[in-house]
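Peer 1: Model the structure of this input:
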Amino acid sequence: MAIEIISSKWAVVTLFALTDGPLRHGELVELIGGVSRKVLTQTLRRLQDNGLIERRAYAEAPPRVEYGLTELGRTLEEPIRRLTEWARANGEAVVAFHEGAGEKDA
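Peer 2: Down below sits the predicted model:
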């Protein structure tokens, strides 16, 4: 079940983006980069449906909506942080492997 919930790369990136506190939709789009507004909205809904994030709407003019981690969502902070550290430490090796495999195929 855990893998199914976070199997989308945008789910993990979105959860990581929210570790420092609640953000608005537009702030998430800018911070994450490369994700469309539509895909981010779908990701946020899926994470909300699984109890990992909460959506807070404020009665202001103009309306303001923020997304933040729930207590359950916060339990994923450490595993995601460790995956991020692994990616930073080993990303170049993975890229080098792919480049080497591409040269062998040529």
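Peer 1: buried sites along the top helix by length along the chain?
Peer 2: For the chain, the longest helix by residue count, based on DSSP state H, is helix 77-105. For helix 77-105, burial by neighbour count (16 or more other Cβ atoms under 10 Å) applies to I80. In short, each C-beta sits where N, CA and C put it, glycine included.
Peer 1: Could you tell me the average pLDDT over it, please?
Peer 2: Across helix 77-105, pLDDT averages out at 87.
Peer 1: Now do it: which elements does it pack against?
Peer 2: helix 9-17 (3 or more Cβ pairs under 8 Å, 6 or more residues apart in numbering; DSSP states H and E).
Peer 1: The closest residue to V65 other than its chain neighbours in helix, strand or coil?
Peer 2: Leaving aside its sequence neighbours, V65 sits nearest to A57 (Cβ to Cβ, 6 or more residues apart in numbering; 5.0 Å). Here A57 is strand, with the state taken from DSSP: H, G, I helix; E, B strand; the rest coil.
Peer 1: Touching, A57 and R24? I think so.
Peer 2: No: no contact is recorded between A57 and R24 when judged using Cβ atoms under 8 Å, the distance being 11.0 Å.
Peer 1: overlap in contacts of these two?
Peer 2: Residues touching both A57 and R24 (Cβ atoms under 8 Å, 6 or more residues apart in numbering): R64, V65.
Peer 1: So between those two, which is more surrounded?
Peer 2: R24 (12 against 9; other Cβ atoms under 10 Å).
Peer 1: List the contacts of the more buried one.
Peer 2: R64, V65, E66, Y67.
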